[in-house]
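1. Test case, fold it:
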Amino acid sequence: MRARAGYMLLCTFGVLAVRGMATAEDATPAAPPPPAPAADVRAFDASQVSEQMARLDSAEIYYAWGDHASVVRALSKATSKRPRAQVLLGWSLYRLGRMPESVAAFEAGLQVAPDHLDLLNGHGFALYRTGRAAEAEAEFRRVLARSAEREESIRGLAAVLFTSERFGECLPIVDKLLRDHPGDAEAEHHLMKSVDGMLTAWRQQGRTPAVMVEEAWRKAAAGERRSALEIFRWVLQVDPFHPGARLGLGTLGPAFGREPEARRCLEELLRENPDDLKARAVLARLHLDAGRVRDADAQVKALLSRQPKDPQALALRRELDSRSQGSTP
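-> Numbering: from 1, shown residues only. Next up is the predicted model:
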């Protein structure tokens, strides 16, 4: 009985509330009706817009969850080819391994927005996975012409060049990726394999180790120091006593965790030729950077005994003296 009485009371309050609302509305002057749409203007259809947006919102959630099959189900029936929807659809098909359909999804979006960078980028990757490397390269270059720092497209271009065995073109790209992301496994793999592929081809073409060492020094001067180091190391595999390659490894090795190897190369050069001033200066720098001040001082003294006015030796002397003064209590 109490429950029934409560229910009747609730209904009574509900009726009174509705009556109150109606009374308030009756007291307000009625708004004029909206103007009829012009003959050449399509009337706003809220149901269509809400359905399209609901599909896109659902697809965004599914994509964030990694539920690519649900993204495809949500968007494959959509009649409107919105760029964002086609990006999600294209990448979801890509993740599901349905590459021809992925290509088609990106292309459908590009028909609506031909300069959309996300669509161009995705199209490039889908083309690459279907074996259309030249077209993929063109798409990545279109993106990078407008957004030079877009890393995803940079990596895509590097992959195309690598698998196309255009190792000389690939190397500057992956060297920069490694400078920006030290230890990046993919970039490291591409760099090592590109050095090997490029120099193997050069050797088959009859190019000498001297030419390879010259290329390594050119790369070092251009800031591509990791590529240069790996070229020096590659040359030493085929010509273990090449003086230029040993000097190069001695110069660049410490910066990439190869100080013992670098030191060995420099000391071997000096045993063979004590008057090799370049090797001695590099060895002095190696010791100084490692904090071995006495060893660095010995090398600088040997340098100055042979070339008292050598600018590099004098600069090292000043640096050593500065460190000594700074460490004095």
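2. Can you list the low-confidence ranges for the stretch 1-150 of the chain?
-> 1-56 (pLDDT under 70).
3. try 90
-> Across the stretch 1-150 of the chain, the ranges flagged by pLDDT under 90 are 1-59, 76-81.
4. ok, which stretches of it are helices?
-> Listed in chain order, the helices of the stretch 1-150 of the chain (DSSP state H, counting those that start in this stretch) span 2-27, 46-65, 68-75, 83-95, 99-112, 117-129, 133-146.
5. distance of the spatially most central residue of the chain from Gly66?
-> Centroid-nearest residue in the chain: Glu151, 3.6 Å away (criterion: Cα atoms, centre = their mean). In this structure, Glu151 and Gly66 are 21 Å apart, going by Cβ to Cβ, to the nearest Å. Quick note: C-beta positions are derived from backbone N, CA and C, even for glycine.
6. Kindly report the same for Leu191.
-> 30 Å.
7. you'd agree Pro254 is up against Ala290?
-> Yes. The pair Pro254 and Ala290 passes the contact test of Cβ atoms under 8 Å, sitting 7.4 Å apart.
8. out of the two, which sits in the more crowded spot?
-> The residue with more neighbours, out of Pro254 and Ala290, is Pro254; 19 against 13, by other Cβ atoms under 10 Å.
9. Mind checking what helix or strand follows the host helix or strand of Leu247 in sequence?
-> Per DSSP states H and E, Leu247 falls inside helix 243-252. Later in the chain than helix 243-252, the nearest helix or strand by DSSP H and E is helix 259-272.
10. how far is that following helix from where the chain is centred?
-> 36 Å (Cα atoms, centre = their mean, to the nearest Å).
11. got the angle for the following helix or strand past it vs helix 243-252?
-> Counting by DSSP H and E, the element after helix 259-272 in chain order, helix or strand, is helix 277-289. Counting by axes from the mean of the first three to the mean of the last three Cα atoms, to 10 degrees, helix 277-289 lies at 20 degrees to helix 243-252.
12. average pLDDT across the helix or strand following helix 277-289?
-> Note on helix 277-289: by DSSP H and E, the next helix or strand toward the C-terminus is helix 293-306. The average pLDDT for helix 293-306 rounds to 95.
13. do the same with stretch 257-268
-> Stretch 257-268 carries an average pLDDT of 97.
14. out of Leu191 and Gly66, which sits in the more crowded spot?
-> Remark: of Leu191 and Gly66, Leu191 carries more neighbours, 25 against 10, as counted by other Cβ under 10 Å.
15. so how far is Trp234 from the more buried one?
-> Relative to Trp234, Leu191 is positioned 12 Å away (Cβ to Cβ).
16. Next, show the common contact partners of these two.
-> Residues touching both Leu191 and Trp234 (Cβ atoms under 8 Å, 6 or more residues apart in numbering): none.
17. what about the stretch 201-329 of the chain, any weak spots by pLDDT?
-> Residues of the stretch 201-329 of the chain meeting the criterion pLDDT under 90: 322-329.
18. Which residues outside stretch 237-253 are in contact with it?
-> Residues outside stretch 237-253 that contact it (Cβ under 8 Å, 6+ apart): 203, 209-210, 213, 216-217, 220, 225, 228-229, 231-233, 235-236, 258-259, 261-263, 265-266, 268-269, 276, 278-279, 282-283, 286.
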